[in-house]
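Predicted model follows, preceded by the sequence.
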Amino acid sequence: MKLAVLAGDGIGPEVTAQALRVLDALRLPRLTIWHGDVGGAGYRRHGHPLPPETLEMAKAADAVLFGAVGDPDCDALERRLRPEQAILGLRRELGLFANLRPARMFDGLEDLSALRPEIARRIDLLIVRELNGDVYFGEKGMRRTADGRREGWDAMSYAEDEVRRIARTGFAAAASRKGRLTSVDKANVLETSQLWRDVMVETAAEFPEIALDHLYVDNAAMQLVKDPGQFDVIVTGNLFGDILSDQASMCVGSIGLLPSAALGERQTEHGIFGLYEPIHGSAPDIAGQGGANPLAAILSAAMMLRHSFGREDDAARVEQAVARTLASGIRGYDLGGQAGTLAIGDAVLANL
Ligand code: IPM
Ligand code: MG
């Protein structure tokens, strides 16, 4: 098993280090670990946020464990050199079109949710976010209007095959859970969304056992805080998925708890090639202080064990160790507690 570790910027290296301690403790047979530079770190050392050698390393691996990218010192660079281009480039170059973002309530954290505990308690949902298309990857630019005003523009589009493959991921995920799929779009306004909805309905015929319904994204945002327990699997486009997954994280208590998997079609020896990352960013304001919560990174490693390394038992062990850590009252600063990055890592290892 070949693992490329791309820790990146800000708190990325700190939280990734704890995930690597957990992997080390599992004593996985035949695991080779490589380290590569991405983001602001990639730009400073190689002049590009996604240096060619890093991309080659990722392509040669069975899985990528990703930290975070984003660095305020790079915000003035032209867009193609900004740290965020590293993750966008990896997703596209590696064909990682399906982003799984689970959000569930951990026992003992109900009071920390932005929602009332009795509502938060019921959260156990999975957001399936399309990751290779939409307004993220359309043509974009700056131009002048006929009368000389500056105008920024971004093209939003989805082709039917792009929608169909993420639809199938969504339906398959629902089949492995409670059998309910909610497709989120803005079909009352956008043609992109009309096609999205049409293809969802067509694809439903392949999965007669799944109950499909549709929500407009504004309503979905409202329902997510009103009654998140109603959701099983949500499938949506790149932009809406970006927004709804951050929202879901606060319903659970902290963005420091949510892992993610970005999967494509390439099979590896033990599973499917994927990139695994916490959904939080580089958090430059708290970087280097030892206070970041590493649980999202550790849970991302668990998803990697499951999807890329075919080690469901180890994945479940890690998830149980995290659940026990939280149930025992260990809280990071993000959850109003006093436990630092290392202390949380220690607690997870002890519970493992
Ligand atoms: C995410 C992030 C990225 C995104 C940024 C860093 C480009 O917000 O993974 O959710 O918008 O996809
Ligand atoms: Mg985001």
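Arrived safely, thanks for sending. Residues are numbered from 1 along each chain as shown. Ligands and ions are numbered 1, 2, ... in the order given.

In the stretch 1-150 of the chain, which residue sits nearest ligand 1?
Residue of the stretch 1-150 of the chain nearest ligand 1, by CB to the nearest ligand atom: residue 84 (4.1 Å). Glycine gets a C-beta too; all of them are placed from N, C-alpha and C.

Give me the nearest residue to the residue of the stretch 101-250 of the chain found nearest ligand 1, chain neighbours excluded.
Ligand 1 sits closest to residue 242 of the stretch 101-250 of the chain, with a gap of 4.5 Å, by CB to the nearest ligand atom. With CB to CB, 6 or more residues apart in numbering as the criterion, residue 242 has its nearest non-adjacent residue at 7.0 Å, and that residue is residue 129.

Mind checking what helix or strand follows the host helix or strand of that neighbour in sequence?
Using DSSP states H and E, residue 129 sits in strand 124-130. The helix or strand immediately downstream of strand 124-130 is strand 140-144, counting by DSSP H and E.

what lines up beside that next one in the sheet?
Note on strand 140-144: by DSSP bridges, its sheet partners are strand 150-154 (antiparallel).

starting at the chain centroid, how far to the strand it pairs with?
28 Å (CA atoms, centre = their mean, to the nearest Å).

List the buried residues in it.
Under the neighbour-count criterion of 16 or more other CB atoms under 10 Å, strand 150-154 has nothing buried.

close to ligand 1, is that strand?
No - contact of strand 150-154 with ligand 1 (CB under 6 Å from any ligand atom) is absent, the minimum separation being 13.0 Å.

for that strand, what is the average pLDDT?
The average of the pLDDT scores along strand 150-154 is 98.

what does it contact?
Strand 150-154 has contacts (CB atoms under 8 Å, 6 or more residues apart in numbering) with 135, 138, 139, 140, 141, 142, 143, 144, 145.

rewinding a little: to the chain's geometric centre, what's the distance from the strand holding residue 129?
Computed by CA atoms, centre = their mean, the chain-centroid distance of strand 124-130 equals 9 Å.

Pairing partners for that strand, with directions?
Applying DSSP bridges to the sheet, strand 124-130 is found paired with strand 98-104 (antiparallel), strand 233-236 (parallel).

Tell me if the longest one is near ligand 1.
No - with CB under 6 Å from any ligand atom as the threshold, strand 98-104 lies outside contact range of ligand 1, at a closest distance of 7.8 Å.

buried residues in that strand?
Buried, per 16+ other CB under 10 Å, within strand 98-104: 98, 99, 100, 101, 102, 103.

mind checking how far the fifth one is from residue 31?
When CB to CB, to the nearest Å is applied, the distance between residue 102 and residue 31 equals 24 Å.

same question, residue 141
For residue 141 relative to residue 31 (CB to CB), the value is 44 Å.

With neighbour numbers in mind, choose between those two.
Neighbour count, other CB atoms under 10 Å: between residue 141 and residue 31, residue 31 has more, with 14 against 9.

Surely that one touches residue 20?
No - shown here, residue 31 and residue 20 do not form a contact pair, counting by CB atoms under 8 Å, at 10.5 Å.

ok, residue 243 - how many residues close by?
Using other CB under 10 Å, residue 243 has 14 other residues around it.

Quick check: residues of the stretch 151-300 of the chain near ligand 1?
Counting by CB under 6 Å from any ligand atom, the stretch 151-300 of the chain sits next to ligand 1 at 242, 279, 281.

go again using 5 Å as the cut-off
Residues of the stretch 151-300 of the chain lying close to ligand 1 (CB under 5 Å from any ligand atom) are residue 242.
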